[in-house]
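> Here is my input; please provide its structure:
(chains A, B, C and D)
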There are 2 protein chains.
Amino acid sequence: MEQVSHAQSEQVFHAQSEQVSHAEKEPVPAQKGTVTQRAIEQIKAMIAEGLLEPGQRLPTERDLAAQLGISRSSMREAIRALTVLGVLEARHGSGIYVTQLEAGDLLETFGVVADLSRGPRLVELLEVRRVLESTATALAAARITPEQLAVVEGHLTAMNATDDPEEILAHDLAFHRAIAAAAGNDTMAAILEGLSSRTFRARVWRGYQQEDAFARTRREHARIHGALAARDPEAARAAAAAHVGEVEQWLRGQLGSP
Amino acid sequence: MEQVSHAQSEQVFHAQSEQVSHAEKEPVPAQKGTVTQRAIEQIKAMIAEGLLEPGQRLPTERDLAAQLGISRSSMREAIRALTVLGVLEARHGSGIYVTQLEAGDLLETFGVVADLSRGPRLVELLEVRRVLESTATALAAARITPEQLAVVEGHLTAMNATDDPEEILAHDLAFHRAIAAAAGNDTMAAILEGLSSRTFRARVWRGYQQEDAFARTRREHARIHGALAARDPEAARAAAAAHVGEVEQWLRGQLGSP
DNA sequence: CGGCCGTAGTGGTCGGACCACTGGGCTGGC
DNA sequence: GCCAGCCCAGTGGTCCGACCACTACGGCCG
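Now for the predicted structure:
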């Protein structure tokens, strides 16, 4: 509405486009895509080739921009992009650093998928979670240490000791997180973390908890814990699959009757 | 080195910081994080709440920036961030649009994880892939249509008809992609796509193919195809798990002797 | 010797100018 | 009357330069 007259037609052609003035002997100047996109790829490539180690500090934005022959603005966009991907980390006043490139760093964006999905895709996500969660639980049954098992048990009892839905949800998350951690596959744990993100579960639970879900959930969790304590991978796998599958089936039924 | 004298100490304090000058009755002005980060969250929230439908066009960068009370530069960083996440899509000269928010759009970034992972995490990724791939193959065995099966078969024969590693790799990818598509879970297919990204597999294969891997791969693929044709989910699951597990075990052994 | 403080340096933000591309309306030829 | 082509307003892409907010380091003072 309040779009004033831009008057951008009085363009004096300024000699600004000498951005690639210097000699470029490359057979293909690789003018593909935007300069920002190119910068993203180049930084990614530098990391992939080992020129940038995890935790290492990068040159300043100004230097990086000069190095790749682009403006600081474009370089900042590239850095921002790699920041949200969990590849880089910018510390105000200090510098830009490569993250540890661990599963948790890179898979944080996975939560966005869960947050923005709805309808049929929620069921698909739960199906993926069922597969991974059951596997992780089975692995945990074989590898879990007594200390880790105690943590799991702690969340189980804490979850049974309260009626506050918020607290129950928190301990529910921690329960599964502890199991995933005990499975020994950080990547799988990180994916499951994303698939169980706070907003995602809260959204599903909003209606699910109105059923007799609390009692059922407690029973299922007890069964999972029992299988872990018994070091029975197959029982653990079955219990976990049934647990997630329960919610999955309920959600599948909800799709037809909004 | 060639860092010239910035001379940025002659700062005349300009009245520029009236960015939040207007009345803000919120109990907490939510000054958390950077303005760009806030913009990202706000746009994400708009989409999550349904204010922005998939495919819909957003206001211009300039309008959006004005709406949220930030500069166009910061807004552009936010847009760029959401672009790399597969949430938004910018078309030069036309406008900014919300993507279809399908699994493929949002999980495209998953490939970055595979590209930047190395060492033990590669094994973890293969373990995840083994779990998902075997499940997807089992599902496909139960649901695949004759047309889809024909496509799978086509890639199998094409892969057996050439000796060009590049071409074999391409058909190998397409073979598994076709199976994943037949499983009926787009989300799972998208994740598997990321786990089988071109650069990822090329890196692993670089050494793997020197063994007698070609013949073995062909045999395993034939076994998978046979299970699909026989509509035998359990056999398909086993064949797929063995196929991925083969590479997984080889890679596991490689870790000790670089 | 230790804490305080100044300051250089770095990421964060802003505003404006200009470039490159798209799309629809206008014009002119057929 | 219709279609092709041109024209141009609008929009994303890029660049620049200034300034703000924060960090880290080192010298100064008690």
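> From now on I want contacts and neighbour counts done on CA atoms only, so please keep to that.
Fine.
> Contact residues of chain A facing chain B?
Within chain A, the residues that sit near chain B (C-alpha under 8 Å from any C-alpha of the partner chain) are A:44, A:47-48, A:73, A:76-77, A:80-81, A:84-85, A:101, A:103, A:106-107, A:109-110, A:113, A:115-117, A:121, A:124-125, A:128, A:131-132, A:135, A:185-188.
> filter those down to the ones close to DNA strand D.
Near DNA strand D, judged by C-alpha under 7 Å from any atom of the strand, the entries from the residues of chain A next to chain B are A:Ser73.
> Keep only those of the residues of chain A next to chain B that are in helices.
Within the residues of chain A next to chain B, residues falling in helices by DSSP state H are A:44, A:47-48, A:73, A:76-77, A:80-81, A:84, A:103, A:106, A:110, A:113, A:115-116, A:121, A:124-125, A:128, A:131-132, A:135, A:186-188.
> Please convert the buried members of the residues you listed into PyMOL selection syntax.
To isolate in PyMOL the members of those that are buried, counting by 16 or more other C-alpha atoms under 10 Å in any protein chain shown, one can use:
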select buried, chain A and resi 44+47+48+73+76+77+80+81+84+103+106+110+113+115+116+121+124+125+128+131+132+135+186+187+188
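> got a pLDDT number for A:Trp250?
pLDDT recorded at A:Trp250 is 89.
> nearest spatial neighbour of it, skipping sequence neighbours?
Closest residue to A:Trp250 apart from its sequence neighbours, by C-alpha to C-alpha, 6 or more residues apart in numbering or on different chains: A:Tyr208 at 7.8 Å.
> Name all residues that make contact with whatever residue of chain A ends up closest to chain B.
With C-alpha to the nearest C-alpha as the measure, A:Ala81 is the residue of chain A nearest to chain B, at 4.6 Å. By C-alpha atoms under 8 Å, 6 or more residues apart in numbering or on different chains, the contact list for A:Ala81 reads A:40, B:77, B:80-81, B:84.
> go again using 6 Å as the cut-off
B:Ala81 (C-alpha atoms under 6 Å, 6 or more residues apart in numbering or on different chains).
> Just the pLDDT at it, thanks.
98.
> Please report how far it lies from B:Ala215.
Using C-alpha to C-alpha, to the nearest Å, one obtains 42 Å as the distance from A:Ala81 to B:Ala215.
> Let me see the contact set for A:Leu228.
Counting by C-alpha under 6 Å, 6+ apart, A:Leu228 has contacts A:Ala141.
> Dihedrals phi and psi, it?
When read as degrees, to the nearest 10, the backbone of A:Leu228 gives phi -70, psi -50.
> try A:Ser94
A:Ser94 adopts backbone torsions of phi -110, psi -50, taken as degrees, to the nearest 10.
> what number of residues lie near it?
Neighbours of A:Ser94 under the rule other C-alpha atoms under 10 Å in any protein chain shown: 9.
> Any stretches of chain A with poor pLDDT?
Within chain A, the ranges that satisfy pLDDT under 70 run A:1-31, A:207, A:209-211, A:257-258.
> same thing but 80
A:1-32, A:202-212, A:256-258 (pLDDT under 80).
> Would you map the helices across it?
A:35-48, A:61-68, A:72-84, A:103-106, A:110-116, A:120-143, A:146-160, A:165-182, A:186-195, A:198-208, A:213-229, A:233-254.
> just checking, what packs against the last one?
Spelled out, it's helix A:233-254. Contacts defined by 3 or more C-alpha pairs under 6 Å, 6 or more residues apart in numbering or on different chains; DSSP states H and E place helix A:233-254 against helix A:120-143, helix A:213-229.
> quick one, that helix and helix A:165-182 angle?
Counting by axes from the mean of the first three to the mean of the last three C-alpha atoms, to 10 degrees, helix A:233-254 lies at 140 degrees to helix A:165-182.
> Name the surrounding residues that touch helix A:233-254.
Applying C-alpha under 6 Å, 6+ apart, the contact partners of helix A:233-254 are A:126, A:130, A:134, A:137-138, A:141, A:220, A:224, A:227.
> Can you get me a residue count around A:Arg237?
The burial count for A:Arg237: 26, using other C-alpha under 10 Å.
> Check the gap between it and A:Leu132 for me.
Taking C-alpha to C-alpha, one finds A:Arg237 at 10 Å from A:Leu132.
> Check the helices and strands packed on helix A:233-254 for me and report the most buried one.
Counting by mean count of other C-alpha atoms under 10 Å in any protein chain shown, helix A:120-143 has the highest mean neighbour count of the helices and strands packed on helix A:233-254, with a mean of 23.
> Kindly calculate the angle that it makes with helix A:146-160.
Angle of helix A:120-143 versus helix A:146-160, following the same axes, to 10 degrees, is 130 degrees.
> got the contact list for A:Leu126?
Counting by C-alpha under 6 Å, 6+ apart, A:Leu126 has contacts A:Glu248.
> now A:Ala227
For A:Ala227, the contact set (C-alpha under 6 Å, 6+ apart) comprises A:235-236.
> how close does it get to A:Arg237?
Distance, A:Ala227 to A:Arg237, by C-alpha to C-alpha: 9 Å.
> ok, so of the contacts of helix A:233-254, who is nearest A:Asp172?
Minimum distance to A:Asp172 across the contacts of helix A:233-254 is 11.4 Å, recorded for A:Glu220 (C-alpha to C-alpha).
> Would you list the phi and psi of A:Leu51?
phi -70, psi -30.
> and what of A:Gly93?
Main-chain dihedrals, A:Gly93, degrees, to the nearest 10: phi 90, psi -10.
> burial of it, as a residue count?
The number of residues packed near A:Gly93 is 6, by other C-alpha under 10 Å.
> A:Ala240 now?
By other C-alpha under 10 Å, 28 other residues sit near A:Ala240.
> cool, and A:Leu195?
Counted with other C-alpha under 10 Å, A:Leu195 comes out at 22.
> Break chain A into its domains for me.
Chain A breaks down by automatic domain parsing into domains covering A:35-101, A:110-254.
> Rebuild these as a markdown table, extending it with distance to B:Arg198.
Formatted as a markdown table, these follow (distance: least, C-alpha to C-alpha, whole Å):
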| stretch | distance to B:Arg198 |
| --- | --- |
| domain A:35-101 | 14 |
| domain A:110-254 | 20 |
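> among those domains, which is nearest B:Glu167?
B:Glu167 lies closest to domain A:35-101 among the domains of chain A, at 24.2 Å (C-alpha to C-alpha).
> Please tabulate the contacts of helix A:233-254 in JSON lines, including the columns distance to DNA strand C.
Listed next are the contacts of helix A:233-254 as JSON lines, based on distance: C-alpha to the nearest atom of the strand, whole Å:
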{"residue": "A:Leu126", "distance to DNA strand C": "35"}
{"residue": "A:Arg130", "distance to DNA strand C": "37"}
{"residue": "A:Ser134", "distance to DNA strand C": "39"}
{"residue": "A:Thr137", "distance to DNA strand C": "39"}
{"residue": "A:Ala138", "distance to DNA strand C": "41"}
{"residue": "A:Ala141", "distance to DNA strand C": "42"}
{"residue": "A:Glu220", "distance to DNA strand C": "44"}
{"residue": "A:Ile224", "distance to DNA strand C": "43"}
{"residue": "A:Ala227", "distance to DNA strand C": "46"}
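> with the residues you listed in mind, which one is nearest to B:Ala181?
A:Leu126 (17.6 Å).
> And that closest one, how far from A:Val247?
A:Leu126 sits 8 Å away from A:Val247, going by C-alpha to C-alpha.
> Check A:Leu156 too.
19 Å.
> can you check A:Ile168 too?
16 Å.
> again with A:Arg223
For A:Arg223 relative to A:Val247 (C-alpha to C-alpha), the value is 16 Å.
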